[in-house]
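**Q** Quick one: sequence and predicted model below, then my questions.
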Amino acid sequence: MLNKNHFRNNNSIKLNIVMNFILTISNFIFPLITFPYVSRVLLPVGTGKVAFATSIVSYFAMVGMLGIPTYGIRACAKVRDNKEKLSKTVQEIMVINTIAMTLSLITYVLAIFLVPRMTQDKTLFMINIAMLVFNLIGCEWLYKALEQYSYITIRSIILKFISLILMFLLVHQRSDYVIYGAITILASVGSNFFNFINLRKFLHLKWYSNLNLSQHIKPIFSFFMMTVATTIYTNLDSVMLGFMKGDEAVGYYNAAVKIKTILVSLVTSMGAVLLPRLSFYIKEGRDKDFKILTVRSLQFVCFISIPLWVYFTLFAKEGIYFLSGNAYTGSIVPMQIIMPTLFLIGISNLLGIQILVPMDRENDVLKSVSFGAVINLIVNAICIPKFGASGAAFGTLVAELFVTIYQIYVLRDFLNLIISDIKIYKNLLATLLASIVSLIVSMVFKRMSDFLVLLISATVFGTIYGIINLFLKEDFTMYLVRYVKK
């Protein structure tokens, strides 16, 4: 019986990882199709307005959701095998969520009419009210806790496809930035609408009179403070740029961040799947399974983040010009500065969300991201006035570096047990050789279009990287080979 369960668990993990990888690829492909078009139509000012509004709204969403998007996954994963307990837990969390979101919505509406910088684009900010409301009722955390990744993936891809069609049909001139802003939140709103409709499949939809809200308050507050700090140092740069340098600077920075965000989703794709499973292993005392999954995830982060970091630093100009157009020359240096965060975010996501959170050590995560937020604020205040978008990129890089260093320090004892299983030097050597060959090849084809240079250099880079890793018998590469053979 144990063998069958173990086999089923392994298969479900693999299916979830595959489905989440498909979802991640869709997050990669759809912006590759839409952003080159939108950035050329709206130019830096138009995309900057939408990016600024999104950054502002994220703060209100953060307050309204508290720490529930992460806490909800862990809390529901622990009782997922008991429908009665799960239903009661979800209801308790939603009551807390409703109170917080109502207060956030009232404050947000007042800010639209009272803050001049927001009043300038009142319609754009009003549209984003839908995102706040549907974030509340969508319970995305429940579906992740139940590992419903097939449903999440299919739903997301369908809505992205609809958004893609609307983008090309409705966005044609600079003044259409409001329409673009509405379309960007469509996938989120639609996803949460379908989540709400499907709740009856997983829960008893009845009112529980004996709700125990107090048991959730302390951990939710810890996760909320963690979210506050994280949101500050991931969105503060765009907000400070908007107030200090204007929409154009935000547009340049947003083009660089857009590429980074797409790549980060690839690097952290495995972690999103493993959180509920690792929380379950901790609860069941399955330390060996916990360690095996953690090692595999760390190998994955090194395998994918290091080559992406180096490649997109070397070919930042071609990447920016292909995705955003020649009007975005101001995005090239910020992109090169921010690329090392692919590796840093991959590591800190693994250490924080995949290791510390399942261990109920979210306070350590809170301290690390609070430290990062303070560092980000200080560096931004010093660098943005003088260096604009490049200063904001540098602030983010320094913040992520300090977050990662702190988490490595607090987990040093655990990491000492698994560090021998991570052969990062193989990834570095393969990346170095792939970089040399791809640069030589790109010089031969430098007169060609940016797209062809990217296509040829990326193909050469990826091929050399894979061959060298096979030759070195790098652990994650060999794991992929065995998996494909099966």
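**A** All right, it came through fine.

**Q** Could you report the neighbour count for the residue nearest to Val441 when sequence neighbours are not counted?
**A** Spatial nearest neighbour of Val441, chain neighbours left out: Val460 (4.9 Å); criterion: CB to CB, 6 or more residues apart in numbering. (Each C-beta comes from the backbone N, C-alpha and C, glycine too.) Residues near Val460, counting by other CB atoms under 10 Å, number 18.

**Q** The one 10 residues further on too?
**A** Applying other CB under 10 Å, we find 14 residues neighbouring Leu470.

**Q** That one and Asp176: what is the separation?
**A** For Leu470, the distance to Asp176 (CB to CB, to the nearest Å) stands at 48 Å.

**Q** Please apply the same query to Lys317.
**A** 28 Å.

**Q** Okay, now the unreliable bits of the stretch 1-150 of the chain?
**A** Scanning the stretch 1-150 of the chain with the threshold set as pLDDT under 70 gives 1-17, 20-21, 24, 27-28.

**Q** tell me the helices in it, going along the chain?
**A** Counting by DSSP state H, counting those that start in this stretch, the stretch 1-150 of the chain has helices at residues 2-65, 68-78, 83-114, 116-119, 122-127, 129-138, 140-145, 149-170.

**Q** can you pull the contacts of the residue lying closest to Glu84 once chain neighbours are set aside?
**A** Leaving aside its sequence neighbours, Glu84 sits nearest to His204 (CB to CB, 6+ apart; 6.6 Å). Shown in contact with His204 (CB atoms under 8 Å, 6 or more residues apart in numbering): 83-84, 87.

**Q** For those, pick the one with the most neighbours.
**A** Ser87 (18 neighbours).

**Q** Roughly how far does that residue sit from Leu199?
**A** Counting by CB to CB, the gap from Ser87 to Leu199 is 9 Å.

**Q** Over to Thr54?
**A** Counting by CB to CB, the gap from Thr54 to Leu199 is 27 Å.

**Q** try Ser442
**A** Ser442 is 51 Å from Leu199, by CB to CB.

**Q** So for these two, which sits in the more crowded spot?
**A** Ser442 (20 against 17).

**Q** quick one, phi/psi of Ala327?
**A** phi -70, psi -10 (degrees, to the nearest 10).

**Q** so who does Gly48 touch?
**A** Taking CB under 8 Å, 6+ apart as the test, what Gly48 contacts is 242, 246-252, 254.

**Q** Same check on Leu43?
**A** 174, 251, 327.

**Q** Kindly report the same for Thr89.
**A** By CB under 8 Å, 6+ apart, the contact list for Thr89 reads 75-76, 79.

**Q** and if you look at Ile129?
**A** 105, 108-109.

**Q** Val441 contacts Leu455, doesn't it?
**A** No. With contact defined as CB atoms under 8 Å, Val441 does not count as touching Leu455 (11.2 Å).

**Q** Might one say that Val403 is in contact with Leu344?
**A** Yes. With contact defined as CB under 8 Å, Val403 reaches Leu344; the gap is 7.4 Å.

**Q** more crowded one of the two?
**A** Between Val403 and Leu344, counting by other CB under 10 Å, Val403 is the more crowded of the two (31 against 21).

**Q** That one - nearest residue in space that isn't next to it in sequence?
**A** Per CB to CB, 6+ apart, closest to Val403 is Gly372, 4.0 Å.

**Q** What residues sit buried inside the helix or strand containing the one you found?
**A** Secondary structure assigned from DSSP states H and E places Gly372 in helix 362-387. Within helix 362-387, the residues that qualify as buried are 362, 364-373, 375-377, 379-380, 383-384, 387, counting by 16 or more other CB atoms under 10 Å.

**Q** Check the gap between the most centrally placed residue in the chain and Phe30 for me.
**A** Geometric centre of the chain, nearest residue: Ser265, 5.1 Å, by CA atoms, centre = their mean. The gap separating Ser265 from Phe30 is 11 Å, by CB to CB.

**Q** same question, Pro36
**A** With CB to CB as the criterion, Pro36 and Phe30 are 12 Å apart.

**Q** Out of those two, name the residue with the larger neighbour count.
**A** Using other CB under 10 Å as the criterion, Pro36 and Phe30 rank with Phe30 on top: 19 against 16.

**Q** Show the contacting residues for that one.
**A** Contacts for Phe30 (CB under 8 Å, 6+ apart) come out as 160, 163-164.

**Q** Mind checking which of the contacts of Gly48 are in helices?
**A** 242, 247-252, 254 (DSSP state H).

**Q** From the residues you listed, pick the one nearest Val333.
**A** Proximity of the ones in helices among the contacts of Gly48 to Val333 (CB to CB) peaks at Tyr252, which lies at 9.4 Å.

**Q** picking that back up, top of the contacts of Phe30 by neighbour count?
**A** Within these, most neighbours by other CB under 10 Å means Lys160, with 21 neighbours.

**Q** For that one, list the residues it contacts.
**A** Residues in contact with Lys160 (CB under 8 Å, 6+ apart) are 26, 30, 187.

**Q** circling back: who touches both of Val441 and Leu455?
**A** Counting by CB under 8 Å, 6+ apart, nothing touches both Val441 and Leu455.

**Q** What is the burial count for Asn326?
**A** 9.

**Q** how close does it get to Tyr180?
**A** Applying CB to CB to Asn326 and Tyr180 gives a distance of 20 Å.

**Q** For Phe343, which residues are in contact?
**A** Phe343 sits in contact with 267, 301-302, 305-306, 309, where contact means CB under 8 Å, 6+ apart.

**Q** buried subset of the residues you listed?
**A** Applying 16+ other CB under 10 Å to those flags 267, 301-302, 305-306, 309 as buried.

**Q** Could you dump the residues you listed into CSV with distance to Tyr208, secondary structure and pLDDT added?
**A** CSV is the format used below for these (distance: CB to CB, whole Å; DSSP: H, G, I helix; E, B strand; the rest coil; pLDDT from 0 to 100):
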residue, distance to Tyr208, secondary structure, pLDDT
Val267, 40, helix, 80
Val301, 40, helix, 87
Cys302, 45, helix, 89
Ser305, 44, helix, 90
Ile306, 49, helix, 93
Trp309, 48, helix, 94
